[in-house]
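1. no FASTA, just this:
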């Protein structure tokens with residue numbers, strides 16, 4: 001049998017749908033391989049084998065092992081799941097434990113720096129040494145701080161395998177003390193501001209930014225924002241330097257067009273831009289699920305992490321005016337306990353207009369995007385955002401803060417944009433409760449104009465939101481590195 005001539009990329013990440021997810025990172029890691037395949041690239045994804053994850057596979061093949069992986073034995077198993085070629089790092093002393101990937105009962109696992117340094121170290125060794133099957137990647141793609149040390153380990157080993165570092169959210173940086181450098185197998189001689197040092201500490205994200213051959217982030221606007229103190233979280237100097245050298249690029253995320261498609265979504269009644277009958281059915285079903293009567297105005301959906309970054313405080317301040325004007329809102333999310341409490345208080349204050357579910361519920365999120373009229377994303381900063389992309393795909397018109405990827409993907413319904421047929425949502429530049437309230441009022445006014453609203457829905461649903469164009473840019477970047 002002839003060897004497959006296609007180039008290969010190894011993605012190293014801490015989560016990947018459908019196996020483990022805490023946020024949009026997992027969606028990206030799970031969807032990009034299929035999109036890259038259409039561009040002629042083969043992908044494998046290296047993930048930690050968290051508790052119970054190996055049980056989800058029928059067949060696993062050991063392809064790499066090491067007797068002393070940061071305090072215990074590590075074995076990499078190869079397997080396939082949901083069309084993905086996966087490499088699973090089984091290191092029970094690091095990953096077989098209660099809690100989520102990063103936390104237990106709200107507190108970080110105290111050895112997170114060791115856990116994800118081990119993941120990064122294995123990713124680098126797979127690139128350098130290959131697997132027992134004889135497989136080696138041509139390019140390594142590291143995602144966020146959890147894989148930030150992959151480029152560093154490659155550099156320190158003198159490897160010629162090129163690496164790409166993607167920032168999904170610069171606010172999370174993988175910080176630990178320099179006293180742990182030996183423990184994570186990093187050289188103390190490189191602990192200085194031009195390499196590993198970050199304000200007297202070590203940042204795995206900074207290490208990746210310094211040592212990767214190319215750096216990407218998840219939207220062009222966010223790439224620009226990251227060079228400023230307001231958005232750079234202390235790394236703006238490093239990012240500005242990489243930008244000045246032409247090593248930084250913003251590539252908007254896409255969504256999995258098969259999983260997120262109202263015409264074939266198994267969680268909802270089917271519909272299409274040509275026939276929105278199913279969407280009306282989904283709207284009625286969603287209101288019934290939350291125990292709400294039919295509102296006069298639009299039904300707003302919010303699917304979010306409950307945090308300051310996501311603008312939940314702005315939402316709490318703006319929602320009363322929106323529902324008092326005839327709108328209704330349903331919220332799905334978890335996070336800050338104070339926000340959870342305040343949202344529940346809103347349901348008590350407006351029991352006929354506001355519904356809340358706390359936690360993570362993937363099928364419910366599909367029903368919400370299919371049944372809502374608008375999706376609200378008031379983030380103070382948003383690297384890319386997938387929520388507004390789901391809204392566009394499902395004809396659930398986005399109301400967003402004009403920042404990061406939200407600004408890049410939603411065209412505001414100004415009179416001119418409506419006239420020329422480019423409007424797809426409502427964007428507010430005054431990122432405040434007042435700015436959000438004004439956009440919600442504009443959305444409500446347009447919702448009352450049936451023909452205009454249907455045109456907005458059609459334009460939203462016609463927006464390209466799948467991975468095709470972005471996968472082409474990643475494939476070109478990888479090919480450039482091989483050249």
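-> Great, that's in hand. From a predicted model like this one, the values you see are computed outputs, not experimental measurements.
2. Can you give me the buried ones in the strand or helix carrying residue 280?
-> Using DSSP states H and E, residue 280 sits in helix 277-289. Going by neighbour count (16 or more other CB atoms under 10 Å), the buried part of helix 277-289 is 278, 279, 281, 282, 283, 286, 287. Every C-beta, even on glycine, is put in place using the N, C-alpha and C of the backbone.
3. Counting by contacts, list what the helix or strand following it packs against.
-> With elements assigned by DSSP H and E, the helix or strand that comes after helix 277-289 is strand 299-306. Packing partners of strand 299-306 (3 or more CB pairs under 8 Å, 6 or more residues apart in numbering; DSSP states H and E): helix 277-289, helix 312-324, strand 328-335, helix 337-349, helix 362-371, strand 374-377, helix 387-393.
4. how close does residue 440 get to residue 376?
-> Counting by CB to CB, to the nearest Å, the gap from residue 440 to residue 376 is 7 Å.
5. quick one: common contacting residues for the two?
-> 300, 399 (CB atoms under 8 Å, 6 or more residues apart in numbering).
6. one step back: looking at the helices and strands packed on strand 299-306, which is closest to residue 179?
-> Among these, the nearest to residue 179 by CB to CB is strand 328-335 (31.6 Å).
7. What lies in contact with the closest one?
-> In contact with strand 328-335 (CB under 8 Å, 6+ apart) are residues 286-287, 290, 292, 295, 297-307, 310, 312, 319, 322-323, 340, 343, 353-361, 364-365, 368, 372, 376.
8. from those, which would you call buried?
-> So, by 16+ other CB under 10 Å, the buried ones in these are 286-287, 290, 292, 295, 297-307, 310, 312, 319, 322-323, 340, 343, 353-358, 364-365, 368, 372, 376.
9. quick one, domains of the protein?
-> Structural domains assigned to the chain are 8-254+467-482, 277-461, following automatic domain parsing.
10. Show me the shaky parts of the stretch 251-400 of the chain.
-> The stretch 251-400 of the chain contains no residues with pLDDT under 70.
11. surely residue 101 meets residue 19?
-> No - counting by CB atoms under 8 Å, residue 101 does not reach residue 19; the two are 10.7 Å apart.
12. the more surrounded of the two?
-> residue 19 (22 against 19; other CB atoms under 10 Å).
13. Before we move on, what's the pLDDT of the nearest residue to the more buried one once chain neighbours are set aside?
-> Spatial nearest neighbour of residue 19, chain neighbours left out: residue 53 (5.9 Å); criterion: CB to CB, 6 or more residues apart in numbering. pLDDT, residue 53: 97.
14. How about the secondary structure of residue 215?
-> Three-state call for residue 215 (DSSP: H, G, I helix; E, B strand; the rest coil): strand.
15. contacting residues for it?
-> 164, 165, 166, 167, 208, 209, 239, 242, 247, 248, 249.
16. tell me which element residue 154 falls in.
-> Element membership for residue 154 (DSSP H and E) is helix 150-156.
17. what's that helix packed up against?
-> helix 112-129, strand 139-143, strand 163-167, helix 204-211.
18. can you rerun that using 10 Å?
-> Helix 150-156 sits against strand 8-12, helix 112-129, strand 139-143, strand 163-167, helix 204-211, with contacts defined as 3 or more CB pairs under 10 Å, 6 or more residues apart in numbering; DSSP states H and E.
19. pLDDT averaged over it - what is it?
-> 98.
20. how far is it from where the chain is centred?
-> 24 Å (CA atoms, centre = their mean, to the nearest Å).
21. Please apply the same query to stretch 190-205.
-> That offset, for stretch 190-205, works out to 26 Å (CA atoms, centre = their mean).
22. same deal with stretch 47-57?
-> Worked out by CA atoms, centre = their mean, stretch 47-57 lies 21 Å from the chain centre.
23. Could I get the buried residue list for it?
-> Result for stretch 47-57 [16+ other CB under 10 Å]: buried residues 47, 48, 49, 50, 53, 57.
24. Isn't residue 208 up against residue 144?
-> Yes - using CB atoms under 10 Å, residue 208 makes contact with residue 144 at a distance of 8.6 Å.
25. shared neighbours of these two, which are they?
-> By CB atoms under 10 Å, 6 or more residues apart in numbering, residue 208 and residue 144 have these common neighbours: 165, 166, 167, 173, 174.
26. Am I right that the fourth one sits in a helix?
-> No - under the criterion used here (three-state DSSP), residue 173 is coil, not part of a helix.
27. what about it, neighbour count?
-> For residue 173, using other CB under 10 Å, the count is 23.
28. Contact partners for it?
-> So residue 173 contacts 144-145, 148, 167, 198, 201-209, 233-235 (CB under 10 Å, 6+ apart).
29. so what's residue 301 up against?
-> 286, 328-332, 355, 365, 367-376, 387, 390-391, 394, 396.
30. hmm, try it at 7 Å
-> With contacts defined as CB atoms under 7 Å, 6 or more residues apart in numbering, residue 301 is in contact with 330, 368, 369, 372, 375, 396.
31. Next: residue 73.
-> For residue 73, counting by CB under 7 Å, 6+ apart, the contacting residues are residue 67.
32. where's it relative to residue 56, distance?
-> Residue 73 is 22 Å from residue 56, by CB to CB.
33. ok, now residue 181?
-> Taking CB to CB, one finds residue 181 at 35 Å from residue 56.
34. go on, residue 63?
-> 18 Å.
35. And residue 119, by the same measure?
-> Residue 119 is 19 Å from residue 56, by CB to CB.
36. I'd like the helices and strands packed on helix 150-156 laid out as CSV, including mean pLDDT and mean neighbour count.
-> Shown next, in CSV, are the helices and strands packed on helix 150-156 (pLDDT from 0 to 100; neighbours: other CB atoms under 10 Å):
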stretch, mean pLDDT, mean neighbour count
strand 8-12, 98, 25
helix 112-129, 98, 24
strand 139-143, 98, 28
strand 163-167, 98, 27
helix 204-211, 98, 26
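37. closest to residue 273 out of the ones you listed?
-> Of the helices and strands packed on helix 150-156, nearest to residue 273 by CB to CB is strand 163-167, at 32.0 Å.
38. sorry, back to before: could you save the contacts of residue 301 as TSV and add columns showing distance to residue 436?
-> What follows is the contacts of residue 301, written out as TSV (distance: CB to CB, whole Å):
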residue	distance to residue 436
330	17
368	19
369	20
372	16
375	13
396	17
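39. can you tell me which of those residues lies nearest to residue 219?
-> Using CB to CB, the contacts of residue 301 come closest to residue 219 at residue 375, 17.6 Å.
40. Spatially nearest residue to that closest one (excluding sequence neighbours)?
-> residue 391 (3.7 Å).
41. Also residue 437?
-> Per CB to CB, 6+ apart, closest to residue 437 is residue 318, 4.2 Å.
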